[in-house]
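Engineer: Here you go, sequence then predicted model.
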There are 2 protein chains.
Amino acid sequence: MKIVKHKNNRGGVRLGAGRKSGSGLYGEETKVIRVPRSSLGDIKKYLNLSRMNNIDGISLAYEETAYNPLVLFEHKVPAGFPSPADDHVEKRLDLNEYLIKKSDATFFVKIKGDSMIDASINDGDIVIIDRSMQAKIGDIVLASVDGNFTIKTLSKYKLRPRLLPANEKYKPIEIDENTQFELWGVVTGAVRKFK
Amino acid sequence: MKIVKHKNNRGGVRLGAGRKSGSGLYGEETKVIRVPRSSLGDIKKYLNLSRMNNIDGISLAYEETAYNPLVLFEHKVPAGFPSPADDHVEKRLDLNEYLIKKSDATFFVKIKGDSMIDASINDGDIVIIDRSMQAKIGDIVLASVDGNFTIKTLSKYKLRPRLLPANEKYKPIEIDENTQFELWGVVTGAVRKFK
DNA sequence: CATTTGAATATTGTAACATTAATCAAATAT
DNA sequence: ATATTTGATTAATGTTACAATATTCAAATG
């Protein structure tokens, strides 16, 4: 039997050492919840699947829209609806008109993943993008960075563009001369379908 | 000042006293698990639905409601930009068509406040409401309760309707025979404008 | 006989904890 | 000079602990 004596003179303070935030299974903050036992299997299956498919923020894109505005509502406030003059009850609304300014410069992208969840843009939502609009600091934009499409808030850092995720758990993307970077347009709105 | 002395001579051993096993929310054993933050909403919605199913025996197709993690797409965003020739790319999108089924039964309500913030419906959003649609358990509905309009998730408890807010800091609204209650329609979608 | 009261016990959300995993840079080995 | 080993450091993860709440019981009270 050999007794090895460790001198313990390696190591010491290592500034910046330690596991990096966001390096876990889900790449984001987690939370503890209590669930019924019978649902455990389903939930774990769900988590596995969504984890495997959570690759990038965007999965499906779409080109030019055929913009053909229709007048949809003449007067369809339900009978007996109190305070029809109330400003929170819309009587007429054309969604194309409301959400699209320049139809021939507008296209749509279906969102996948949670990177914009803090801006209330969720998985499955369709965002509306205006390609003609001049992007300003603070706008939510669609950009491609090194070949990947992403939707982020545009900001600036030392004269260079920088892309901020809405979800704080993701890190900002810095753009330098070695980064392929292209702005595709400004996100002007979002829609979501429940049923 | 009056000092009241309690004799504390009631109670004592009560054999068989105490809450009964299985009397909880789910009627079964529970377990604590850790889940990513972005999945919390889906999981809770799923649990609500299955719980309501237990109470009522109503069977819901999970695939169609909360338990729909796999609205997945076959590929990531292609290297160029999407071509209309791509089979998976929708070629036309009319927002009215996409979000509205029955135009003459549909109206809009602009949301004020944060009671639905967990469902990603925020202040200033416009929700789309179909009045002709039969509301099912789990649907988000517009209802009036004692004269006030509210948007909540419809559920059922002991054969009575119950309205669940998406935001946990609000309490469920129970409906009994003394409550004025009317269902105005089913919320089928929501839109939001950034610019 | 109905109501009040304190004891008893399950539920439930959250905090705390221990273990694991990832990361860094100095020390050591090749 | 370069690669590997090592201990320090810190986040992630699953589980347990805990405090607050809810429910139920039966004796005491009215």
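Structural biologist: Thanks, I have it.

Engineer: Only C-alpha atoms from now on, for both contacts and neighbour counts.
Structural biologist: OK.

Engineer: For the residue lying closest to residue A:191 once chain neighbours are set aside, what are phi and psi?
Structural biologist: Distances taken as C-alpha to C-alpha, 6 or more residues apart in numbering or on different chains place residue B:191 nearest to residue A:191, at 4.3 Å, with adjacent residues excluded. When read as degrees, to the nearest 10, the backbone of residue B:191 gives phi -130, psi 150.

Engineer: Check residue A:29 too.
Structural biologist: Torsion angles, degrees, to the nearest 10, at residue A:29: phi -60, psi 150.

Engineer: my guess is it meets residue A:21, correct?
Structural biologist: No - if you go by C-alpha atoms under 8 Å, residue A:29 and residue A:21 don't touch, sitting 9.1 Å apart.

Engineer: The two - which one has more neighbours?
Structural biologist: With neighbours defined as other C-alpha atoms under 10 Å in any protein chain shown, residue A:29 and residue A:21 compare such that residue A:29 has more, 16 against 12.

Engineer: Next one, pLDDT for the more buried one please.
Structural biologist: pLDDT for residue A:29: 87.

Engineer: Name the helix or strand of chain A that has the lowest mean pLDDT.
Structural biologist: Within chain A, no helix or strand scores below strand A:58-61, which has a mean of 28 by mean pLDDT, DSSP states H and E.

Engineer: Kindly provide the distance from the residue nearest to residue A:191 to residue A:151.
Structural biologist: 18 Å (C-alpha to C-alpha, to the nearest Å).

Engineer: Same question for residue A:187.
Structural biologist: From residue A:187 to residue A:151 the distance is 8 Å (C-alpha to C-alpha).

Engineer: Give the residues shared as contacts by those two.
Structural biologist: Counting by C-alpha atoms under 8 Å, 6 or more residues apart in numbering or on different chains, the common neighbours of residue A:187 and residue A:151 are A:140, A:141, A:142.

Engineer: Quick one: low-confidence residue ranges for chain A.
Structural biologist: Chain A contains residues with pLDDT under 70 at A:1-14, A:48-92, A:104, A:112-115, A:118, A:146-149, A:157-160, A:167-170, A:177-180.

Engineer: tell me the strands in it, going along the chain?
Structural biologist: A:30-36, A:58-61, A:89-90, A:106-111, A:126-130, A:140-145, A:148-157, A:160-164, A:173-174, A:181-193 (DSSP state E).

Engineer: got JSON lines for the ones you listed, with distance to DNA strand C and mean neighbour count too?
Structural biologist: Listed next are the strands of chain A as JSON lines, based on distance: least, C-alpha to the nearest atom of the strand, whole Å; neighbours: other C-alpha atoms under 10 Å in any protein chain shown:
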{"stretch": "strand A:30-36", "distance to DNA strand C": "4", "mean neighbour count": "15"}
{"stretch": "strand A:58-61", "distance to DNA strand C": "24", "mean neighbour count": "23"}
{"stretch": "strand A:89-90", "distance to DNA strand C": "34", "mean neighbour count": "18"}
{"stretch": "strand A:106-111", "distance to DNA strand C": "26", "mean neighbour count": "23"}
{"stretch": "strand A:126-130", "distance to DNA strand C": "30", "mean neighbour count": "24"}
{"stretch": "strand A:140-145", "distance to DNA strand C": "21", "mean neighbour count": "22"}
{"stretch": "strand A:148-157", "distance to DNA strand C": "21", "mean neighbour count": "20"}
{"stretch": "strand A:160-164", "distance to DNA strand C": "21", "mean neighbour count": "18"}
{"stretch": "strand A:173-174", "distance to DNA strand C": "17", "mean neighbour count": "14"}
{"stretch": "strand A:181-193", "distance to DNA strand C": "25", "mean neighbour count": "21"}
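
Engineer: Dump stretch A:183-192 to CSV, keeping only the CA atoms.
Structural biologist: The C-alpha trace of stretch A:183-192 is given here as CSV (Å, rounded to 0.1, in the frame of the first residue of the first chain):
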residue,chain,number,x,y,z
LEU,A,183,-30.3,43.8,-40.3
TRP,A,184,-33.4,42.4,-41.9
GLY,A,185,-36.0,44.7,-40.5
VAL,A,186,-37.8,46.2,-37.6
VAL,A,187,-40.4,44.2,-35.6
THR,A,188,-43.5,46.3,-35.6
GLY,A,189,-45.9,44.0,-33.9
ALA,A,190,-46.9,40.5,-32.9
VAL,A,191,-49.9,38.3,-33.1
ARG,A,192,-50.8,35.1,-31.3
